[in-house]
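Engineer: sequence and predicted model, in that order:
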Amino acid sequence: MPTLSRYYGIVIFMNYNDHQPPHFHARYQEQEVLLEIETGVVQGKMTKRALQMIFEWAEKHHDELRRNWDLARARKPLEPIPPLS
């Protein structure tokens, strides 16, 4: 599971050749969510503040997330994405 970004204890990652729809995973402490790139639909549970930071980050890096999804599906190296600042 390649890590795309880390900030404030949140780890963002994608799995190679993962199932549709395009999505990424986020982990914070013992909590994990799956977030769809295009719709913002969330599966899983996470603290409200951490989830807000993930949404903010994802909105800012939508194009990079989409590009990394395509790379992951092709089993190519993923490109790091800057953390939330």
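Structural biologist: Perfect, thanks for sending it. Residues are numbered from 1 along each chain as shown.
Engineer: any stretches of the protein with poor pLDDT?
Structural biologist: Residues of the chain meeting the criterion pLDDT under 70: none.
Engineer: skip the chain neighbours and tell me the closest residue to the residue nearest in space to the middle of the chain.
Structural biologist: Residue closest to the mean C-alpha point of the chain, counted by Cα atoms, centre = their mean, is residue 24 at 3.5 Å. Counting by Cβ to Cβ, 6 or more residues apart in numbering, residue 14 is the residue found nearest to residue 24 once chain neighbours are left out, at 5.1 Å. (Glycine included, C-beta is placed from N, CA and C.)
Engineer: next one: residue 80
Structural biologist: Residue nearest to residue 80 in three dimensions, not counting chain neighbours: residue 4, with 6.3 Å by Cβ to Cβ, 6+ apart.
Engineer: strands along the protein, start to end?
Structural biologist: Listed in chain order, the strands found in the chain under DSSP state E are 3-7, 10-13, 23-28, 31-36, 42-44.
Engineer: cool, thanks, talk later.
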